[in-house]
Structures are given as structure tokens and as C-alpha cells.
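Visitor: Build me a model from this:
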Amino acid sequence: MEYPDADTIRILITTDNHVGYNETDPITGDDSWKTFHEIMMLAKNYNVDMVLQGGDLFHVNKPSKKSLYQVMKSIRMGCMGDKPCELELLSDPSQVFYYNDFTDVNYEDPNFNVAIPVFAIAGNHDDATGESLLCPMDLLQVSGLVNHFGKVLEADKITIKPLLFQKGITKLALYGMASVRDERLFRTFKEGNVTFEIPSMREGEWFNLMCVHQNHTGHTNTAFLPEQFLPEFLDLVVWGHEHECIPHLVHNPSKQFDVLQPGSSVATSLCDAEAQSKNVFILQIRHDQAPELIPIPLNTVRTFLMKSVSLQDVSYLRPHDKEGISKYLANQVEEMITEANENTRCKFGDALDEMDEQQLPLPLIRLRVDYSGPDNHQAVIDYQVENPRRFSNRFVGRVANGNNVVQFYKRRRKHDSGSRRGATSAVNDTDVERLINERGGELEVNTLVNDLLHKMQLSLLPEVGMNEAVKKFVDKDEKSALKDFIDKEIENEVDMLVSSGGGLHSDNPEQIKSLIKQVKRANYTVDSSSSPNDVTPVTASSAQLLHERTEEPVFTPTPESSIPTRKNKNPPKRKTSPISESIAISDNDDGDEIVLSDNDDDTNNMDTSKQGTSKSNKTAATNTASLPSRRDRQTTTVSKSNFGRGSKASKTPKTDILSSLLARKRK
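Guide: Numbering: from 1, shown residues only. Purely as a prediction, here's the structure:
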């Protein structure tokens, strides 16, 4: 393609490349980086002025060496060269790249020969973590391959500053905002804590382009970014995170800007949205003309066909005819494979002559089957179907997904709503099928965990934080996510109990649970010192909160004379046990005493006068999901982590939490 004229800025737009997705699979493991390499070669062949990447360049925030190598190789081959970059930077880049040691755009660095600069934001898959809040984009930035902009360090107060470019008479203001947890970002926008800086010189001459990476549609009331939250001065918004490709601009009539949803370049789930054609886009901007958008189909994307059938619609099938049903479904898959291979041949075109028929890329096939019986208010059975894994294995060697070709589901019936389980029951097959249908055929782990926690109604651990920790553990391979979350929650709950004063000596342990639940729900907010995607409870005064929320006091104040003290001031030292400690607060007839217990089998350090108390504490151990009680003993145990064995009494403080508790009680 010829070079753009001196007044036209040509941009290649891509997002959600997910390099490294399923890279251990022998068939589809290389799909993601091959497509990304094609995109970089398109940028070189179309002579663009810049590449704009809208997040999720990598599939995980700790990409493998292979993924990093392939991305760096493709960027170097496509974006390095002698072609001069004609974009003139008018703003101070240190105001945008302030979080990096190198605060200049890479094409102005004399140590690099950059022909096409890449500007990228971080998505929710390759977001920043750890003490230094580093992400893979920072590694590419420090290597001089990518300009990482739009980083969010404080999700409670966000200031978005643009990069100002000029080419001829055309001026571009590029805004970017990295992925932030949707509920947090929703609240930040609602509270008016998001600020956009607008260039003051030559107002009205700028083309304002913004790149975001958030949910575009409302999965819940606050788990998305409404377009109405964005300012009206924007001209175009590039929306990442959504994998469905919409190959045209969508105009927002109330805000008067256009929205482009490029979609992903690789299918990461077998659903309808991923079955659409994959494209990248060339955006041409000129001062005196409307922006021009050119979709470019990607040829290296593996062919993906999806089809849904209902066995009720096939008149000659009978519910008990399992063999006939399997034969019918096998014929459907055969037709889909034939159609997919034809589409692949058309996509390759002339290159197919040089390619052996055996080298033709295997297609992705997904057949969704509704096997529910007729809903005629009679006692009928559902259609008898074969095991989905066994059925799918028939097509090994002919499809790329030989383990999950078919997906069976049952349509939810109206009379099923009256037979719901109890609130604390586990999720059964019916729940799983319902969630799969609601999510368009694919079930993510955070969806299942969120549904389970919503039914459990946890008293100590907040459902939102637990779901986020599980998601980090599964999706981002953060091994310590669950442990760190539980330890921090228990520490905050202990501080909450201590700050409640008389709440520690309530005669009714159920009131302690009520206090914790109310304080947890009311005070669950964001800790700005943590990662933008982490959720941390901020503990406030429990008594003050309850006075604000209700007129009746929850606990009776306890006089200072009844505060328990530690009798053994010089306990013998013991080796620290790897098992997590617990705090047992026991009230008995002889007086009040704080007993510090852990899961240690050593009994030599026990006070013989308190053996009876230690035996009762042995039964007080429980998990962190709830705060149980023994009304006959009024014993409450707050545990730091799950443990199943009995705990023996000890008066030796084992953690900083216990020391803090004793110090406060002595005061």
C-alpha cells in the first residue's frame, strides 16, 4: 500500500491478541503468536504511522519465554527500520510515562531506529501486579519496542493525560486508560474522580482518540463502563476487552462520538461472539475529512464454525433412541467440518496450491445440542445422548478441538423455578447448565464461584474479594492469591473485633456475626495503596458504624475492669509451627481469659490449671467461611486459615496480630 499523504495519520488498530493462549496444545498452541506476527507484517505493508494496541497483548501477566520471544521478534521485524516516523510529538511525554525510567517515545530515542511506533495499554490479563506494579508492557517499554501509556496507579483518583501528535495540518490527541476492575472504575466515575486533561492550544483542531479496556455491556449493574460516563469532547473510542468483532463504527447519539470494537485476534472460547470473522483496522485521520475506517481480515485465524440444534425439532428422533441421536449429531458435525474446510481453502486462495492437503489447518467446531424432552406437561424423559468427550473423540485428527466438539445443555423449564435448593447447598449440574446458558455457552471459573458464594452468604470473607482471589489463582497463576487474601481478611476482622470494645464479651455470639457482616458490607471499599485490581476492606469503628446504621445498640458496653489480662508473662520459647494460628476468646465461670491457641502437639508448656479450658477450645476450631458458636460455653474462634485438627491451648503469642490484640486489651 502506498504511503499516506503528508496530512493523513494512518493507524493500525488491534486489541486482545492474547499471545500465549493455550500454548501447550499441540494443535492450536501457536495460533496466537502467528496471528500477531501477521498483524505486525500488515502494519509494515500498509505503511502505517503507528500501531494502537488496546490491551491483552499477552494472555497472562507472567508470559512464558516463548510468548515474549515471539512478540519481541514480530515487533522488531515489523516496526524497526529506516522509514522515518512523520509524527511530531507536541506534548511532554514525561507527563504520561512518569511511572517509567524512560520517559520519551521510542522513535525519538537516538539509540533505536523505529519506523512504526507501537502504543499499547495494559488489559485485565496482562495487568500490573506485585510491589513494583510491573506488567509485560513495562518490559517491552524498557526494551524500546513499545510505548506503554495509560497506566493507572490509583483507581480511586484517575487523571488521564493525552499524547499530542501532529502530522501536517492534522493533530491527534491520544488518550489511554489501562484496565481497572469494573466495579471500582464505575464508582470512581460516579464519584467524579476521573479527570481528563484537554489541550488548551488550538481548541477544536484536535482529533481526540481514546483507548479503553473494560466490559462494554452490563453483566451486572456496575460491572461495566457505560459509554455515558465518557466525556463528550472525544471523537472516537477504541474499546478493548470484548472479543466480538464489530467491523464498523457505532455512533453514540447522546455523546456524539463513535465507538470501534475491534475484537480479539484469536478465539479464546467456543462461543457465538468468537465465531465472527476476525479483523484488524486501518484508521485514516485527516483534519478536513471524516475519519476513514478500513477493516482487514486476518488470514492466519483458524476457521471456527458454531451451530446450535434442538433435538425436539427433529421429528423422527425418539428420546430413548440413543444410537439414532448419536448418528444424527455425527452427521451434523460432518457437514460442519466440510463447510469449515471449504472456508479455509477460500481463505488461503492461491497459497493453497503450494500447500499439501494434509497441511490444511484443522478447524474449530462447536455443536450445541439442546437435549431436553418435550415440555408437554407429561412425565417424559430427556433425549438420551452419548458422553460428550467420547462423542467428540470420534473426530480426533479432523478438528482442532477433539475433546469438546459437542456441548449438551437443557433448556430451563418454567416449573423448575419452584424447586430451588437451600441457600447453603452446593452447586449441582442444573446450576452449571443454567450458568452456561446465561454465559453464551462458555462457563468461566469466576462465574461459577460467584454463583456459589452468593448462595453461601459468607459471614467473614467477602464474596467479591474471594471471587477475585480465585480468579487470580486460576487465570493469572498467582499461587499466593488465596492465602494473601484470607490472611489479610482475618487480620482486618480481628482488628474489627478489638475496636468494637464490648463486642468481645457479648453473651450472644450471633451478635458478633451480625456486627462483622454489617461492618464488612458497609465498609468494603478500595485500598489505594494496593494494586488497582485488588479489593481490600478498610476497617472503621464498628460502634460508630452501627450507630449510623441503626438506632438500637448491638452490644452492651463492657467495663474496663472486666478486660482480661495475660497471666503468663514469660512463656518458654517454642519452635514456630507451620500450621496457622487461631485466637480463641473464652468466657467461663471462673473469670474471663484470653487463650492463645495453635495447632501444636507439644503439651509441656500448658498451664495445668487451664487444661479444662484448653479441652473446650479443642472443639472450637473451624474454617474461615463462618464464625460458629457454642452457646453453652460462649466460645468464639477466629481462625487465620482452614485447619481440621484440634487445637491445644498455649499462652505464647505466635503472630503480630495476637501481639496487637494483647497490647490493645492491656490498654
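
Visitor: Let me see the ranges of the strands in the stretch 351-500 of the chain.
Guide: Ranges of strands within the stretch 351-500 of the chain are 364-370, 406-409, based on DSSP state E, counting those that start in this stretch.

Visitor: So what are the sheet partners of the shortest one and their directions?
Guide: Taking DSSP bridges as the criterion, strand 406-409 pairs within the sheet with strand 364-370 (parallel).

Visitor: and the closest residue in space to A330 that isn't next to it in sequence, how far is that from N331?
Guide: Excluding the flanking residues, the one nearest A330 by CB to CB, 6 or more residues apart in numbering is R394, at 6.7 Å. For glycine as for every other residue, the C-beta is placed from the backbone atoms N, C-alpha and C. Distance, R394 to N331, using CB to CB, to the nearest Å: 12 Å.

Visitor: Those two: who's more crowded?
Guide: Neighbour totals were compared for R394 and N331, and R394 leads with 17 against 10 (other CB atoms under 10 Å).

Visitor: contacts for stretch 310-326?
Guide: The list of residues contacting stretch 310-326 from outside it, by CB atoms under 8 Å, 6 or more residues apart in numbering, reads 328, 369-374, 380-386, 391, 411.

Visitor: make it 10 Å
Guide: Stretch 310-326 has contacts (CB atoms under 10 Å, 6 or more residues apart in numbering) with 327-329, 368-375, 380-386, 390-391, 394, 406, 408, 411.

Visitor: now stretch 339-351
Guide: With CB under 10 Å, 6+ apart, stretch 339-351 has contacts from 277, 297-305, 307, 352, 354-355, 357, 360-365, 398-400.

Visitor: what's the burial count for the spatially closest residue to L364 that is not a sequence neighbour?
Guide: Nearest-residue entry for L364: F304, 4.0 Å, with adjacent residues in sequence omitted and distances by CB to CB, 6+ apart. Neighbourhood size, F304 [other CB under 10 Å]: 21.

Visitor: can you list the domains in the protein?
Guide: Structurally, the chain divides into domains by the TED database as follows: 8-297, 304-351+359-409, 438-491.

Visitor: picking that back up, please identify the most buried of the strands of the stretch 351-500 of the chain.
Guide: The highest mean neighbour count among the strands of the stretch 351-500 of the chain, using mean count of other CB atoms under 10 Å, belongs to strand 364-370: a mean of 23.

Visitor: What segments of the stretch 351-500 of the chain are helices?
Guide: For the stretch 351-500 of the chain, the helices defined by DSSP state H, counting those that start in this stretch occupy 388-392, 429-438, 445-456, 463-475, 481-499.

Visitor: Lowest average confidence across those, which one?
Guide: Lowest mean pLDDT within those: helix 429-438, at a mean of 53.

Visitor: quick check, V51 in a helix?
Guide: No. V51: not assigned to a helix; according to DSSP: H, G, I helix; E, B strand; the rest coil it is strand.

Visitor: Tell me which stretches of the protein form helices.
Guide: All helices of the chain, identified by DSSP state H, fall at 31-45, 65-79, 136-142, 182-190, 322-348, 388-392, 429-438, 445-456, 463-475, 481-499, 509-523, 542-549, 611-618, 656-666.

Visitor: Just list what the second one packs against, helices and strands only.
Guide: So that's helix 65-79. helix 31-45, strand 50-53, strand 118-120, helix 136-142 (3 or more CB pairs under 10 Å, 6 or more residues apart in numbering; DSSP states H and E).

Visitor: Rebuild these as TSV, extending it with mean neighbour count.
Guide: Shown next, in TSV, are the helices and strands packed on helix 65-79 (neighbours: other CB atoms under 10 Å):
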stretch	mean neighbour count
helix 31-45	21
strand 50-53	25
strand 118-120	25
helix 136-142	21
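
Visitor: Could you export the ones you listed as JSON lines, including mean pLDDT and distance to V474?
Guide: JSON lines is the format used below for the helices and strands packed on helix 65-79 (pLDDT from 0 to 100; distance: least, CB to CB, whole Å):
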{"stretch": "helix 31-45", "mean pLDDT": "96", "distance to V474": "19"}
{"stretch": "strand 50-53", "mean pLDDT": "96", "distance to V474": "25"}
{"stretch": "strand 118-120", "mean pLDDT": "96", "distance to V474": "25"}
{"stretch": "helix 136-142", "mean pLDDT": "93", "distance to V474": "19"}
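
Visitor: okay, these in CSV with distance to M80 next?
Guide: Below are the helices and strands packed on helix 65-79 laid out as CSV (distance: least, CB to CB, whole Å):
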stretch, distance to M80
helix 31-45, 10
strand 50-53, 13
strand 118-120, 11
helix 136-142, 13
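
Visitor: For M210, which residues count as its bridge partners?
Guide: Taking DSSP bridges as the rule, M210 bridges to Y175, V237.

Visitor: Was I right to think it contacts P162?
Guide: Yes. Contact criterion CB atoms under 10 Å: M210 and P162 qualify, at 8.7 Å.

Visitor: Common neighbours of these two, please.
Guide: Contact criterion CB under 10 Å, 6+ apart; residues shared by M210 and P162: 173-176, 196.

Visitor: Throw those residues into a markdown table and include neighbour count and pLDDT, thanks.
Guide: Converted to a markdown table, the shared contacts of M210 and P162 look like this (neighbours: other CB atoms under 10 Å; pLDDT from 0 to 100):
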| residue | neighbour count | pLDDT |
| --- | --- | --- |
| A173 | 24 | 96 |
| L174 | 23 | 96 |
| Y175 | 24 | 96 |
| G176 | 28 | 95 |
| F196 | 18 | 94 |
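
Visitor: Widest-spaced pair of those?
Guide: Spanning the widest gap among the shared contacts of M210 and P162 are L174 and F196, at 12.4 Å by CB to CB.

Visitor: anything in contact with each of these two?
Guide: Both L174 and F196 are in contact with 162, 208, 210, where contact means CB under 10 Å, 6+ apart.
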